[in-house]
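Chemist: Here is a sequence with its predicted model. Questions after.
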Amino acid sequence: MERRNLQKHIRTLIELPVADVPVISCYQTLAAGRLVDRNAFDERVSCLRRGLGVRERHSFDAAVAPIEQMIATGLSPNSRGLAVFSRAGEEPFLLPLQFQVPLPNWIVLDSTPNIYHLVELKDTYHRYVLMIVTEETMRVLQVNLGAITSQVQEKLPRHLQRQLIDIVPVSGGTPLSDVVDATLSSFMEAEEQESRTAVANLVHQLRTGGLAVGGAGPTLQALYCGRY
């Protein structure tokens, strides 16, 4: 899945109208086409069900059913994370999403979908390009949310060469999925360093009277005046 598609799904969840019955937001870690911790899933579902009344249990069970079906027959062996948003009742809703990066084991029952981990996913796994070089070939691939989504071109453009993050040595027979896993850690470290640098620059600007403001009021005023 590409980030732009994830953004569309997040928008759909944000705009989902509130109904008489709640939404189940289910996040799970996957491995080899199955839940990593099935017992934890069952225990959490049972715990939520025990806290409901008789009528609420009916709609809850109806919302859990498609999640169970997804877990039983709909998981890809390449997926490492699952997010399912399910609601029964007169205004049913179902949105199953699979990712090639892990998600936490987390199940919530609320009036609206809980999108925190989707937003965190979007902000953590930015798109980047991966260049695979051997003695005979070179490939430039696009990695989106941990998945290879396209082959960009055979030669890395000069402006991208200047943004090279790291060189990860692997053997010629290494599967592409393992290559992506090896590069994700380097990419995330670079992202964290970029965030720390941005914070350090903000603090420096605040302390030296530069182009920075602190607090909600001054920040909104700066945005209103176009100072960004």
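Modeler: Cool, got the structure. On a predicted model such as this, the values are computed, not experimentally measured, just so you know. Residues are numbered from 1 along each chain as shown.
Chemist: how about the helices in the chain?
Modeler: 3-14, 38-50, 54-73, 116-124, 158-161, 176-207, 216-224 (DSSP state H).
Chemist: of all the ones you listed, which lies closest to residue 107?
Modeler: Shortest distance between residue 107 and the helices of the chain, using C-beta to C-beta, is found for helix 38-50: 4.7 Å. Quick note: C-beta positions are derived from backbone N, CA and C, even for glycine.
Chemist: Name the residues that touch that closest one?
Modeler: 28, 35, 57, 60, 61, 64, 71, 105, 107, 109 (C-beta atoms under 8 Å, 6 or more residues apart in numbering).
Chemist: how about the CA coordinates for it, as PDB?
Modeler: Below are the C-alpha coordinates for helix 38-50, written out as PDB (Å, rounded to 0.1, in the frame of the first residue of the first chain):
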ATOM      1  CA  ARG A  38      -3.800 -15.300  18.900                       C
ATOM      2  CA  ASN A  39      -4.300 -15.800  22.600                       C
ATOM      3  CA  ALA A  40      -3.900 -12.100  23.300                       C
ATOM      4  CA  PHE A  41      -6.500 -11.300  20.600                       C
ATOM      5  CA  ASP A  42      -9.000 -13.800  22.000                       C
ATOM      6  CA  GLU A  43      -8.500 -12.500  25.500                       C
ATOM      7  CA  ARG A  44      -9.000  -8.900  24.500                       C
ATOM      8  CA  VAL A  45     -12.200  -9.700  22.500                       C
ATOM      9  CA  SER A  46     -13.600 -11.600  25.500                       C
ATOM     10  CA  CYS A  47     -12.700  -8.800  27.900                       C
ATOM     11  CA  LEU A  48     -14.500  -6.200  25.700                       C
ATOM     12  CA  ARG A  49     -17.500  -8.500  25.300                       C
ATOM     13  CA  ARG A  50     -17.900  -9.100  29.100                       C
END
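Chemist: now that helix, how far from the centre of its chain.
Modeler: Distance of helix 38-50 from the chain centroid (C-alpha atoms, centre = their mean, to the nearest Å) equals 23 Å.
Chemist: can you tell which of the helices of the chain is closest to residue 97?
Modeler: helix 3-14 (6.3 Å).
Chemist: Show me which of the contacts of helix 38-50 is closest to residue 216.
Modeler: Nearest to residue 216 out of the contacts of helix 38-50 is residue 109 (C-beta to C-beta; 31.7 Å).
Chemist: so what's the closest one bridging to?
Modeler: Beta-bridge partners of residue 109, counted by DSSP bridges, are residue 24.
Chemist: Show me how the protein divides into domains.
Modeler: As given by automatic domain parsing, the domain ranges for the chain are 3-123, 125-213.
Chemist: For the closest residue to residue 79 other than its chain neighbours, give me its contacts.
Modeler: Distances taken as C-beta to C-beta, 6 or more residues apart in numbering put residue 98 closest to residue 79, at 4.0 Å, once the chain neighbours are dropped. With contact set as C-beta under 8 Å, 6+ apart, residue 98 has these partners: 1, 30, 75, 76, 79, 81, 82, 83.
Chemist: what's around the nearest residue to the third one once chain neighbours are set aside, how many residues?
Modeler: To tie it back to what came earlier, the one meant is residue 75. For residue 75, ignoring the flanking residues on the chain, the nearest one in space by C-beta to C-beta, 6+ apart is residue 33 at 4.8 Å. Counted with other C-beta atoms under 10 Å, the neighbours of residue 33 add up to 12.
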